[in-house]
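*Asks:* Next one to model:
(2 chains)
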Amino acid sequence: MQSLGEFSSLWPALPEGVLALGALLLLMLGAVRGERAGDLITALSVGLLVLAALIVESLPDERIIIFSGGFVFDGFARFVKSASFIASAVAIILGRTYFREIKVVHFEYPILVVLASVGMGMMISANDLLAVYVGLELMSLSLYVIAAIDRDNARSSEAGLKYFVLGALSSGLLLYGASLVYGFTGTTAFEGIAAAVTQGARPPLGLVFGLVFLIAGFAFKVSAVPFHMWTPDVYQGAPTPVAAFFSAAPKFAAMALFTRVMIGAFPQAIAAWQQVVVFIAIASMLLGAFAAIGQSNIKRLLAYSSIANMGFALVGLASATSAGIEGVLVYMLIYLFMTLGVFACVLAMRGPQGMIENVEDLAGLSKTNPMMAFILAMMMFSLIGVPPLAGFFGKYLVFLAAIEAKLYALSIIGVLSSAVGAYYYLRIIKIMYFDEVKQSLGPVPSEVKLVLGVSGAFVVLFALYPGPLYSAASAAAKSLF
Amino acid sequence: MTLAIFFFYLLSAVLVASAMMVISSRNPVHSVLFLILAFVNAAGLFVLLGAEFLAMILIVVYVGAVAVLFLFVVMMLDVDFTELRQGILQYLPIGALIGLVLLVEILLVVGSWVVAPEVAALRTTPTPTLAIADNTAALGRILYTTYIYYFQAAGLVLLVAMVGAIVLTLRHKEGVKRQDVAAQIARDPATAIEVRKVPSRAGI
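*Replies:* Below is the predicted model of the structure:
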């Protein structure tokens, strides 16, 4: 029983193990049964992701490090992982009717989402630069493939290719940074890197150089300015459920990785990375607010909205305090609900000739489908940050943390850009409620209705009972410090 | 010891000679074959150094995959190599410059050992000595213990790459006859043979 005893010490990695083995089994099933097994594989993949999230929730809270320092499980990992796995499951569910209608039937889509989730789990639990890179590549490679999965569509192929080429470049930047950090500290483990910089002393220039390259790699993955160029094209070109997936789980996982590397590996070099994060937060918020104004395609608009939202989340990271990280976690979780809800609305925009994606096509939605118009309006108000809705609380927490950290300029620019961004969100509401009906939308698939209902209810009712989420996020943030 | 020295000079001489032949032979297929000979001799040198893992990797990766790939390209693409060689004098200065840079780099490495002898100690990485475990076993031991997590994850990355390549490129064409082993085995005379009565001088 000796070997079994040693195996059991690996149980914090059980969710990733279940997902990886499950993905292999589903791949076998798909290879043997072919496309006929598509529905079964979709259902089983959702089941696997929910099971993994349940296992994550059942693990104890203490900090455990396994795999010779490569994998850490703590409250932070638990919070982000369960949210990411559920968001991945929702992305699979959203794709069910859509892919059947555009006649792109690949049983590999849910399996690739599951494999991307394994990568996300590795990223969230990374405690070593090797694990950072391998996890990031596992996730990114799966994302490149599913961006191009509608392979006969030129836009989808373009999205996949653009994402792949730029992603490879950002991986190169990240690796270059990691190699510099390794060269100047002699280790890839986060504890070792943190110990290499003495408290209060200036970190060596080479280490700061490497740190900046690491940040560039992470900024690409969370699509923060100036590494955001891929986002609008990829969101517009990729199939809508894939764009919904991109804007939710991988963003949260990448943001968690960003946070963990900054706080875990460079706690003594806060002054060095804080100014970089402040810069990319301001740039993302401003670009997201101004560039979205001229967009007519709703997926492009949502891409710029996601850039702006990453900027707001980075405001919390820039404060580099426990309260700031709590803000990041709450903000990102609420953003998951909002973005999945809005993308469910986009998936519900079905005209007589298939999917429509123009903002103008929503004209008069309040008369043809009042329920959907109401939920979309609530989502938009929440994205603006109007008080009783969920989006307000996320923004409130991150800006409060920034003010407590004395980042006044950042907070003022952030609030102002949020006001600018309100313009294009309000424009959608105006089109839905005050414009003449152009065309009525087709029936909404049942799973899209479900996602719309759940996310809408969360956004509207969050204010009544925010306690559990706050305390969970606060405990998760404290586990990092 | 003399035997080892003999083989060192034999392998080195063949290696340098075949490397020269790679760039000077007129026929590109001969070039690739000489490249393979150079690789095999380099692998032999590694074996003499006691680095048998590197030797095997060199054979498997470079000879088994890369060189064969070169051969395929050379044989399948109609590249006129004599034409490619036309401007060699024009590019000679750039080639000489790159060669000079490489030479300076090698001199810097060797020079650092001379200037600061303690640097040479950094070369001796903390691996078990050959008496305890040869380097294939040592690599395997560290790969399957300390680095098992990354090793398995790298396997998953390769799996995703493979699945992606298949999803994005494989197309099942209609009307292409594929071999169906089960159908072939399940055939019996009743289904496979059709008996026709052929009238004389008429045909079917």
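*Asks:* any idea which helix is longest in chain B?
*Replies:* Identified as the longest helix of chain B according to DSSP state H is helix B:88-115.
*Asks:* how far does it sit from the chain's center?
*Replies:* 26 Å (Cα atoms, centre = their mean, to the nearest Å).
*Asks:* repeat for stretch A:324-343
*Replies:* On Cα atoms, centre = their mean, the centre of stretch A:324-343 falls 9 Å from that of its chain.
*Asks:* Convert it to PDB, retaining C-alpha atoms only.
*Replies:* Once non-C-alpha atoms are left out, stretch A:324-343 reads as follows in PDB (Å, rounded to 0.1, in the frame of the first residue of the first chain):
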ATOM      1  CA  GLY A 324      -7.200  44.900  -4.300                       C
ATOM      2  CA  ILE A 325      -6.900  41.200  -5.000                       C
ATOM      3  CA  GLU A 326     -10.300  40.600  -3.500                       C
ATOM      4  CA  GLY A 327     -11.600  43.400  -5.800                       C
ATOM      5  CA  VAL A 328     -10.000  41.600  -8.800                       C
ATOM      6  CA  LEU A 329     -11.700  38.300  -7.900                       C
ATOM      7  CA  VAL A 330     -15.100  39.800  -7.300                       C
ATOM      8  CA  TYR A 331     -14.900  41.900 -10.400                       C
ATOM      9  CA  MET A 332     -13.800  39.000 -12.600                       C
ATOM     10  CA  LEU A 333     -16.500  36.700 -11.200                       C
ATOM     11  CA  ILE A 334     -19.200  39.300 -11.800                       C
ATOM     12  CA  TYR A 335     -17.700  39.900 -15.200                       C
ATOM     13  CA  LEU A 336     -18.000  36.200 -16.000                       C
ATOM     14  CA  PHE A 337     -21.800  36.300 -15.400                       C
ATOM     15  CA  MET A 338     -22.200  39.600 -17.400                       C
ATOM     16  CA  THR A 339     -20.100  38.500 -20.400                       C
ATOM     17  CA  LEU A 340     -21.700  35.100 -20.600                       C
ATOM     18  CA  GLY A 341     -25.200  36.700 -20.300                       C
ATOM     19  CA  VAL A 342     -24.400  39.300 -23.100                       C
ATOM     20  CA  PHE A 343     -23.000  36.600 -25.400                       C
END
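*Asks:* residue ranges for the helices of the stretch 51-200 of chain A, please.
*Replies:* Per DSSP state H, counting those that start in this stretch, the stretch 51-200 of chain A carries helices over the ranges A:75-101, A:108-124, A:129-147, A:154-185, A:190-196.
*Asks:* Please report the confidence value the model assigns to residue 83.
*Replies:* Answering for chain A, as no chain was given. pLDDT for residue A:83: 95.
*Asks:* To clarify, I was referring to chain B.
*Replies:* For residue B:83, the model assigns a pLDDT of 70.
*Asks:* Can you get me a residue count around it?
*Replies:* 8 (other Cβ atoms under 10 Å in any protein chain shown). From N, CA and C alone the C-beta is placed, and that goes for glycine too.
*Asks:* returning to what we had before: so which of the helices of the stretch 51-200 of chain A is the most packed in?
*Replies:* helix A:108-124 (a mean of 29; mean count of other Cβ atoms under 10 Å in any protein chain shown).
*Asks:* so it versus helix A:75-101, what angle?
*Replies:* 170 degrees (axes from the mean of the first three to the mean of the last three Cα atoms, to 10 degrees).
*Asks:* which other helices and strands contact helix A:108-124?
*Replies:* The elements that helix A:108-124 packs onto, with contact taken as 3 or more Cβ pairs under 8 Å, 6 or more residues apart in numbering or on different chains; DSSP states H and E, are helix A:14-33, helix A:38-58, helix A:75-101, helix A:129-147, helix A:249-265, helix B:148-169.
*Asks:* starting at the chain centroid, how far to stretch B:165-183?
*Replies:* Relative to the centre of its chain, stretch B:165-183 is centred 29 Å away, using Cα atoms, centre = their mean.
*Asks:* Ok, stretch B:154-162 next?
*Replies:* Here stretch B:154-162 is found 20 Å from its chain centre; the criterion is Cα atoms, centre = their mean.
*Asks:* Please report how far residue A:450 lies from chain B.
*Replies:* 27 Å (Cβ to the nearest Cβ, to the nearest Å).
*Asks:* residues contacting that residue?
*Replies:* By Cβ atoms under 8 Å, 6 or more residues apart in numbering or on different chains, the residues touching residue A:450 are residue A:93.
*Asks:* which SS class is the closest residue to residue A:364 other than its chain neighbours?
*Replies:* Once flanking residues are discounted, residue A:364 sits nearest to residue A:437: 3.2 Å by Cβ to Cβ, 6 or more residues apart in numbering or on different chains. Using DSSP: H, G, I helix; E, B strand; the rest coil, the structure places residue A:437 in coil.
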